[in-house]
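[1] below: sequence and its predicted model.
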Amino acid sequence: MKRAQTILLIMLFLVGICIVPNGIISPARLQDDRVTFADARNNDVETAELPNDRVFRVAFYNETNTTAPDYAVLSLTNNYTQIYDVLSSSSYDVTKINSTDIENYELNTANYDVVILADNVPRENITKHVKDFWLAGGGVLAIDSAAAFLVYGGILPRENESQSHGFLEWWKYSSTNVSEIVEKTPISQSYANGSYLVHDYASWAVYNWTALMDTSVSPYLTKIARLNGSDDLVTAISIDAPDKGGRAAFFGVPVPDFPTDWESMLLDAIGWLAPRPKGKILFDVAHNNYYPVDAGDPTGFNSDSRFSTLRDDLVSRRYTFDKLWPSVGNFTAGVLAPYDIVIINTPEINFTASEVTAINDWVNAGGSLIALGDNSGFLDEHQNLNYLLSNSDLRINLTDNYNTFSFTTTELMNHPTMEDVDELEFSGGTYVNYSGSATPLAMDEQNTVIAFQEIGDGRILLAGDINFLSNVDSANNSKWAVNVANWLTADDAKVLLYTDDPYGGNYYRTMVADALNQLEIPFYLTYTETGLNATLNGTWYGDDWDLTIIDNCNWQRQDSYPHILDYLETGKQMILTSWTFEFEKEDPLWSFIGVNWTETIMSNAPSYIWDNSHPIFDGLVNYNAPTLNIASTGFTIDGFKLQVFDNATALTGATPTEQDGNGSIVLTNTNQVLFNGFMLNGLRGDADSSAYMDGFEIYLNEINFMLNLPEIDHPADIQYEDGSTGHSITWNPTDSSPDTYQVFIDGSVVDSGSWDGSAINVNVDAIGLGFHTVECRVIGDSGHPRGDIVFVTVVDTTAPLISNPSDMEMEAGTTGNTLTWVASDANPSHYVILLNSTEYDSGVWDGDSVVLDLDDLTPGTYFFTLKVNDTLGHLSEDIVLVTVTEPTGGPIIPGLPEWLDTQTLLLIVIGVLALIIIVMAVRRRK
């Protein structure tokens, strides 16, 4: 009986191994089924007429929370459809941004030119962000109740900054529905003075002009429109202060029913508000740097502002000044591309290898880096800076502090940055080391305080003191800081500008400087006799300027005449204005130009245009007034009457028709020298009713004529999904004598050749993920290139495409059974196949279909899940139900021949057992 029990157990075991439960798989496949990924979120109405205007980028504040913040009043609105539609139908690039976008630091001058607050104001957590945009040089347009932010933000006016909304003190609501244009400005250029603009009758915000006239910004305000019948209640106002911030404007009109009469005003306001910077600056606050720009910045010390005065000084000179906030990658090629200068002080967080590479590449391509250390207590920060500077010959000294804690040095090198600088003051820093091609700029006896190096097309400047630029009011530090920005942004400049025009607030805001910025022509500015002479004779710069502009209207510069003549005798071009002609009438310079003094004009008399078809009057701008008229300037000399020799031609004069001895503006017959014998800086009126100062317009035309620049438009920037096609950029440049062209992608030439004046097209498909610069340069017979850059951003915001195979049923034991997913993506990465939530297979995905072999499956029910990932972390998945049925001949045991099914095997086993029992029984009888 024991043997029978043993045999029975053996039989049960053999039968048991033939029965496989459905869905059981090897324990070796029981692995973690998590797939990690990141959500990569990427972020024909006629407008203002100025030559060379680009496509302005407008940030439209879209705040759904319309309850008034603590600093605002009454209720706000988010019903801005009409305004948005007007802007969207124009040539502007308009983007809606919300509080989250602004909190993530997307509002900066690299991304946008103007922000619009349409009867809504920034929430409490982003007021600093929006104000930072204005302080950086960006334009702000506030409509209706957004006046509360202008007051609270210290923009218009400054007296209530961070205190209150200023309601009833500076502005109020009024029910009058008619406004009158009282001054023609670039904002109101589409209207005549005295025009009436109508809007809905209700209560809309208006400023109190009388109250504003008692504020610190009153000299910088322009009243554009007022309520009909009230000179005190202003419905349109603008501000352009010369000491801080960008431009701002206010409209007191309804937003939900934006009036048709105001549409042109809206569009032209964008053109005026948008900055045209001499250079773009980026200040690093992403590496826990010690000193901030403003209090509250994410820096080691942030209870007080430190670099805000430097920022204000530079913005007031037509630079923009953004902050680099902590972000993914921080310094990347895309982040750096828009900027000319980067400022980094004492970074506590070290730079990644990719950041160092990006900055090195950017410097080599023409960017300029200002690096600042401090005393030896900042050892980690100094090591981080030295790591960043590892490809240069500049280093912060890790041990040697200043011999005296605070000192003033006069040991300054003869260099463009030292113009009008007699001494520099330093406090609590450390010395710097230089070698190779690096050069010292300031010394403390035998120790180097500041040094610089030119690397590739760019420059690096290093100093061991964070205080001397944060305290720019001391000694000549402020002048030096401005000179440094001027020098660093002029590394590729081919135009030299000397100006001593005192109007506009500073030399960088003069009409001639604004004209150069409007034309986007890099220039180096000098304003002293020393600087003028040194830049002409090659002491500070090589004397290879394509054009020199001398705007001498204030100081006596006759001692520079020999330098000017020597320079002109080399064949260089010049636009020359010099009131000190009065004191050196016999200088040989004048016979070279082809003029002789006959009389000085001192009576505000006009200069008549003798050839109104000439390009300096009918060029980029059509100046259609018959005369040039001096506005009140306080100068005693307005110009000269000139006798013109045979080697020159008078274009304007003191008489209505051309008469000998009465010329004013004279051009040499070779077009080498254009002599403004009539003071253009005095043309501060608007004789041609263009809404722009006459001198600004004439300078635009003169510069363009002398450089003979081709014209080139600016196609819109492009963003497209990787893998899509049909993306191209088309430029339509023009020139009287076209010559050649080049197209660059990320600095490398991709196309070039002869240019016949036709459009230039480049395909930008498949240039790769990320941020790219695409530049077109055209050259006419002048040999001076004119270029335009379009930013192309290739993004991957879509998950891989994957098919959805139908659920399937198969018979166990059959062959050729596969499950196929058709999947595709431009940037494939890897795949994972799950069986009932457990990893079954995985591997590298090349973008082709994923095929799974099912032949080995035994009868049962299986859920297969395919997950495919791309390189950006996007995920797609699909689940297919596979049912495996018993074979028609019965179940099959894996590993056995197909003809040997489970039933046959069971019969064989029973037969064998029966045979064994019989044999044992026979033996037992014996």
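    Thanks, I have the structure now. Numbering: from 1, shown residues only.

[2] domains for this structure, by residue range?
    Per the record's domain assignment (automatic domain parsing), the chain is made up of the domains 2-19+904-925, 27-39+798-886, 57-273, 280-488, 495-707, 718-795.

[3] could you dump those to a markdown table with mean neighbour count and mean pLDDT?
    (Glycine included, C-beta is placed from N, CA and C.) Output for the domains of the chain, formatted as a markdown table (neighbours: other C-beta atoms under 10 Å; pLDDT from 0 to 100):
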| stretch | mean neighbour count | mean pLDDT |
| --- | --- | --- |
| domain 2-19+904-925 | 11 | 59 |
| domain 27-39+798-886 | 16 | 83 |
| domain 57-273 | 20 | 94 |
| domain 280-488 | 20 | 95 |
| domain 495-707 | 20 | 93 |
| domain 718-795 | 16 | 89 |
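
[4] a markdown table for those, including distance to Pro51?
    As requested, these are exported to a markdown table (distance: least, C-beta to C-beta, whole Å):
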| stretch | distance to Pro51 |
| --- | --- |
| domain 2-19+904-925 | 88 |
| domain 27-39+798-886 | 40 |
| domain 57-273 | 12 |
| domain 280-488 | 18 |
| domain 495-707 | 4 |
| domain 718-795 | 12 |
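
[5] in the stretch 1-150 of the chain, what residue spans correspond to helices?
    In chain order, the stretch 1-150 of the chain shows helices spanning 2-16, 81-88, 99-103, 127-135, 147-152, with DSSP state H, counting those that start in this stretch as the criterion.

[6] whoops, I mixed them up, the stretch 551-700 of the chain
    561-568, 588-593, 694-707.

[7] which other helices and strands does whatever helix or strand comes next after the longest one contact?
    Following the chain from helix 694-707 toward its C-terminal end, the next helix or strand by DSSP states H and E is strand 718-721. In terms of contact count using 3 or more C-beta pairs under 8 Å, 6 or more residues apart in numbering; DSSP states H and E, strand 718-721 is assigned the packing partners strand 785-795.

[8] for the next helix or strand after the strand it packs on, packing partners?
    Counting by DSSP H and E, the next helix or strand C-terminal to strand 785-795 is strand 801-802. When contacts are defined as 3+ C-beta pairs under 8 Å, 6+ apart, strand 801-802 sits against strand 823-824, strand 875-885.

[9] residues making contact with the shortest one?
    Translated: strand 823-824. Contacts with strand 823-824, where a contact means C-beta atoms under 8 Å, 6 or more residues apart in numbering, come from 800-803, 831, 845, 847-850, 866, 868, 876.

[10] strand partners (parallel or antiparallel) of the helix or strand following it?
    Following strand 823-824 in sequence order, the next helix or strand is strand 828-835 (DSSP H and E). When pairs are called by DSSP bridges, strand 828-835 turns out to pair with strand 838-844 (antiparallel), strand 860-870 (antiparallel).

[11] just to revisit the earlier point, and of the helices of the stretch 551-700 of the chain, who's closest to Asp297?
    Shortest distance between Asp297 and the helices of the stretch 551-700 of the chain, using C-beta to C-beta, is found for helix 694-707: 36.2 Å.

[12] specify the angle between that closest one and strand 785-795 in degrees.
    Per axes from the mean of the first three to the mean of the last three C-alpha atoms, to 10 degrees, the angle that helix 694-707 makes with strand 785-795 is 100 degrees.

[13] list the contacts for Asn401?
    Going by C-beta under 8 Å, 6+ apart, the list of residues near Asn401 reads Asn375, Ser376, Gly428, Gly429, Thr430, Tyr431.

[14] tell me if I'm right that Gln163 and Tyr152 touch.
    Yes - judged on C-beta atoms under 8 Å, Gln163 makes contact with Tyr152 at a distance of 7.4 Å.

[15] coming back round to it: dump the helices and strands packed on strand 801-802 into JSON lines; add distance to Val130 as well.
    Rendered in JSON lines, the data for those read as follows (distance: least, C-beta to C-beta, whole Å):
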{"stretch": "strand 823-824", "distance to Val130": "43"}
{"stretch": "strand 875-885", "distance to Val130": "36"}
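
[16] of all those, which one is nearest Trp262?
    Ranking the helices and strands packed on strand 801-802 by distance to Trp262, with C-beta to C-beta as the measure, places strand 875-885 first at 48.4 Å.

[17] what's the closest one in contact with?
    Contacting residues not belonging to strand 875-885 are listed as 35, 37, 799-812, 819, 821, 823, 854, 857-869 [C-beta under 8 Å, 6+ apart].

[18] repeat for stretch 466-475
    Contacts of stretch 466-475 from elsewhere in the structure, counted by C-beta under 8 Å, 6+ apart, are 290-291, 306-307, 309-310, 313, 345-346, 372-374, 408, 423-429, 463, 477-478, 481.

[19] now that stretch, how far from the centre of its chain.
    Taking C-alpha atoms, centre = their mean, to the nearest Å, one finds the center of stretch 466-475 at 27 Å from the center of the full chain.

[20] cool, and stretch 830-840?
    44 Å.

[21] all strands of the stretch 351-500 of the chain, in order?
    Secondary structure of the stretch 351-500 of the chain (DSSP state E, counting those that start in this stretch): strands located at 368-372, 394-401, 406-409, 424-427, 430-434, 439-444, 447-455, 458-463, 495-499.

[22] which other helices and strands contact the longest one?
    In terms of contact count using 3+ C-beta pairs under 8 Å, 6+ apart, strand 447-455 is assigned the packing partners strand 394-401, strand 424-427, strand 430-434, strand 439-444, strand 458-463.

[23] can you pull the contacts of Thr871?
    Residues near Thr871 by C-beta under 8 Å, 6+ apart: Asp796, Asn827, Pro828, Ser829.

[24] quick one on the thing from earlier: in TSV, list the helices of the stretch 551-700 of the chain along with distance to Ser195.
    Compiled in TSV, the helices of the stretch 551-700 of the chain are given as follows (distance: least, C-beta to C-beta, whole Å):
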stretch	distance to Ser195
helix 561-568	47
helix 588-593	45
helix 694-707	22
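
[25] the residue most central in space within the chain and Pro277: what is the separation?
    By C-alpha atoms, centre = their mean, the mean C-alpha position of the chain lies nearest to Ala110, the distance being 1.8 Å. When distances are taken as C-beta to C-beta, to the nearest Å, Ala110 and Pro277 turn out to be 11 Å apart.

[26] what sits against the residue found closest to Gly594 once you drop the neighbours it is linked to in the chain?
    Distances taken as C-beta to C-beta, 6 or more residues apart in numbering place Ala648 nearest to Gly594, at 3.1 Å, with adjacent residues excluded. Remark: with contacts taken as C-beta under 8 Å, 6+ apart, Ala648 is in contact with Ile593, Gly594, Val595, Val666, Leu667, Thr668, Asn669, Phe675.
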